[in-house]
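*Asks:* Build the 3D model from these lines:
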Amino acid sequence: MSTATLESHQKELFGHPIGLFILFFTEMWERFSYYGMRAILVLYLVAETTAANPGMGWTSGEALALYGWYTMMVYVMSVPGGYIADKFLGQRKSVTIGGILLLIGHSILAIEHLTAFYAGLVFIVLGVGMLKPNISTMVGGLYKQGDVRRDKGFTIFYIGINVGAFLSSLIVGYVGETYGWHYGFGLAGIGMALGVTQYLLGQKYLSQVGNFLGDSSETSQVMNAPLTKVEKDRIVVLLISFLLVILFWGAFEQAGGLMNIYTMEKTNRMIGDWMVPASWFQSINAMFIIFFGSSVAAYWASRKLKGKTSSSLFKMIIGLIIMGTGFFFMTAATAQYESTGSSAMYWLVLAYLFHTIGELCLSPVALSYITKLAPVKYASIMMGVYFAMTGFGSKLAGLLGEWSQSLGEMTIFTGIAATSVGVGLLVLLVRNKLEPLTHGVEDQEG
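*Replies:* Modelled structure (predicted):
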């Protein structure tokens, strides 16, 4: 390694490696494109074909079914994406390929044709599969084992995700609803182009992270070594924690599906004479993450310093319970709608607030947890499995949305709340039996 490369790798900004901020902005623009497209996807599918801004004219059930399959496949493809990175390319090159595939996919969606629509979705699925697990693994690779900054680094990275999500829901959502759905899709493509460009220009700060490990005899021996008992135990804990992930995202992903349609059709969005675009409510979660992300991370860091329970598994359980509680506000919203014919916007805001606090306790922590527990040779694959669990959760979200057509929204919202809180409390009871299987990996932090 040259002196210049070493110096560039060691440079820091705000107490973190500069590479973190390269990945921050890459993911910010990738999420700008993904969440911008997600904000208008279901609305586009259910919009009437004869409207001034024509959509596909699908029923809500059909739109939610496609939404479920699409969001599931987006994340399930993280498994082969992680495998390709671990076995052939390394994470850094895989992220490049993923970014290019995403740029192609979002650009194709700007074309007003059914074939282009489906082709664009396919490219996005492949692109996210290559990029998502590998860029997250690279964040963990910026920090040495036991570095207490790792969780904070993932929180900073997570805020980057949500800066992109916040801006896209406002900008892409407004353009899509007001000027044309395909103009919105096109804007998402421009965002992805900026992300790819920024990532390529920042390669000098990522030269020592995300490289392929299987190209020397020494690393090959490490990769081919059998798993130790400690590694097996840690994988068991990860797999159990992934069950929480499925349930969490099955509930949380109602935001882009059922809650999105509910916002458009049954929420009073009038402020004076102006109607708030339905897609703008997709930005509330991201806005709250930007506002509260650092505070939540600081709260958990403070608990750890005081010697109080603050393990990753504990945070994830609390996150599931808090997020589930937020759906009781949607129960109240549906009750108000049934009695008055519309529901107030503040119910959505309160629901998204609780969803956000829960997300901040679970999602960035889960990403960091994987980089702590997963064996190095399976780092990207395990990250891919995590995102696959996210995908299965998204598919569950789509199914729940479809079932709401027959069971009713109040039943679905209340059921999600009760199940999330109940399962969270149940896992909390057995937490002390699970955490010893990590073999003190988090005790090394300091």
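*Asks:* Please count neighbours and contacts with C-alpha atoms only from this point.
*Replies:* Will do.
*Asks:* And for residue 161, the neighbour number?
*Replies:* 25 (other C-alpha atoms under 10 Å).
*Asks:* Okay, buried residues for stretch 234-248 please.
*Replies:* 234-238, 241-242, 244-248 (16 or more other C-alpha atoms under 10 Å).
*Asks:* whoops, I mixed them up, stretch 55-70
*Replies:* Neighbour count says stretch 55-70 has 55-58, 60-70 buried, by 16+ other C-alpha under 10 Å.
*Asks:* Of these, which belong to helices?
*Replies:* Of the positions in the buried residues of stretch 55-70, 60-70 sit in helices, assigned by DSSP state H.
*Asks:* of these, closest to residue 105?
*Replies:* residue 70 (13.3 Å; C-alpha to C-alpha).
*Asks:* How about the contacts made by the closest one?
*Replies:* 121, 125 (C-alpha atoms under 8 Å, 6 or more residues apart in numbering).
*Asks:* re earlier: could you redo the buried residues of stretch 234-248 as TSV and give each row secondary structure?
*Replies:* Below are these laid out as TSV (DSSP: H, G, I helix; E, B strand; the rest coil):
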residue	secondary structure
234	helix
235	helix
236	helix
237	helix
238	helix
241	helix
242	helix
244	helix
245	helix
246	helix
247	helix
248	helix
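*Asks:* Considering the residues you listed, which is situated nearest to residue 373?
*Replies:* residue 234 (5.6 Å).
*Asks:* didn't the closest one look like it was pressed against residue 437?
*Replies:* Yes: Residue 234 lies in contact with residue 437 (C-alpha atoms under 8 Å); the separation is 5.9 Å.
*Asks:* how about the strands in the protein?
*Replies:* Here the chain has its strands, by DSSP state E, at 12-13, 16-17, 270-271, 274-275.
*Asks:* tell me the most buried of those?
*Replies:* Comparing the strands of the chain by mean neighbour count (mean count of other C-alpha atoms under 10 Å), strand 16-17 ranks first with a mean of 19.
*Asks:* Relative to it, what are the paired strands and their orientations?
*Replies:* Under the criterion DSSP bridges, strand 16-17 sits next to strand 12-13 (antiparallel) in its sheet.
*Asks:* And the ones in helices among the buried residues of stretch 55-70, which is closest to residue 189?
*Replies:* Proximity of those to residue 189 was ranked by C-alpha to C-alpha; the top entry is residue 70 with 17.8 Å.
*Asks:* Please report the distance of the closest one from residue 192.
*Replies:* The gap separating residue 70 from residue 192 is 19 Å, by C-alpha to C-alpha, to the nearest Å.
*Asks:* From residue 393, how far out is residue 104?
*Replies:* 26 Å.
*Asks:* repeat for residue 70
*Replies:* 12 Å.
*Asks:* Output the below-cut-off pLDDT ranges for the stretch 301-446 of the chain.
*Replies:* 444-446 (pLDDT under 70).
*Asks:* What segments of it are helices?
*Replies:* 312-340, 345-373, 379-407, 409-434 (DSSP state H, counting those that start in this stretch).
*Asks:* From the contact counts, what lies against the shortest one?
*Replies:* This points to helix 409-434. The criterion is 3 or more C-alpha pairs under 8 Å, 6 or more residues apart in numbering; DSSP states H and E, and the helices and strands that helix 409-434 contacts are helix 229-252, helix 312-340, helix 379-407.
*Asks:* and the first one, what other elements does it pack with?
*Replies:* Counting contacts by 3+ C-alpha pairs under 8 Å, 6+ apart, helix 229-252 is packed against helix 312-340, helix 345-373, helix 379-407, helix 409-434.
*Asks:* Ok, which of the helices and strands packed on helix 409-434 comes nearest residue 275?
*Replies:* Comparing those under C-alpha to C-alpha, the one sitting nearest is helix 312-340, at 17.9 Å.
*Asks:* For the closest one, list every residue counted as buried.
*Replies:* 312-335, 337.
*Asks:* Repeat that for stretch 287-299.
*Replies:* Buried-residue list, stretch 287-299, by 16+ other C-alpha under 10 Å: 287-290, 292-293, 296-297.
*Asks:* What about residue 20, how many residues nearby?
*Replies:* 24.
*Asks:* wait, what's in contact with it?
*Replies:* 139, 142, 153, 157.
*Asks:* mind redoing it with 7 Å?
*Replies:* Applying C-alpha atoms under 7 Å, 6 or more residues apart in numbering, one finds that residue 20 lies in contact with residue 139.
*Asks:* From residue 406, how far off is it?
*Replies:* Distance from residue 20 to residue 406, by C-alpha to C-alpha: 46 Å.
*Asks:* Kindly report the same for residue 120.
*Replies:* 31 Å.
*Asks:* The two: which has the busier surroundings?
*Replies:* residue 120 (23 against 10).
*Asks:* Can you give me the distance of that one to residue 350?
*Replies:* Where residue 350 is concerned, residue 120 sits at a distance of 34 Å (C-alpha to C-alpha).
*Asks:* Nearest residue to residue 66 in space, ignoring adjacent ones along the chain?
*Replies:* In this structure, residue 66 finds its nearest non-sequential neighbour in residue 398, 7.9 Å apart by C-alpha to C-alpha, 6 or more residues apart in numbering.
*Asks:* hang on, the one you found packs against residue 61?
*Replies:* No: counting by C-alpha atoms under 7 Å, residue 398 sits too far from residue 61 to count as a contact (9.0 Å).
*Asks:* in the stretch 151-300 of the chain, which ranges drop under the pLDDT threshold?
*Replies:* Using pLDDT under 70, the stretch 151-300 of the chain drops low at 214-222, 224.
*Asks:* how about the helices in it?
*Replies:* 181-201, 217-224, 229-252, 258-266, 282-305.
*Asks:* next one: the stretch 1-150 of the chain
*Replies:* 3-10, 18-46, 60-76, 78-84, 91-109, 114-141, 149-178.
*Asks:* In contact with residue 246, which residues are there?
*Replies:* Taking C-alpha under 7 Å, 6+ apart as the definition, contacts of residue 246 comprise 389-390, 392-393.
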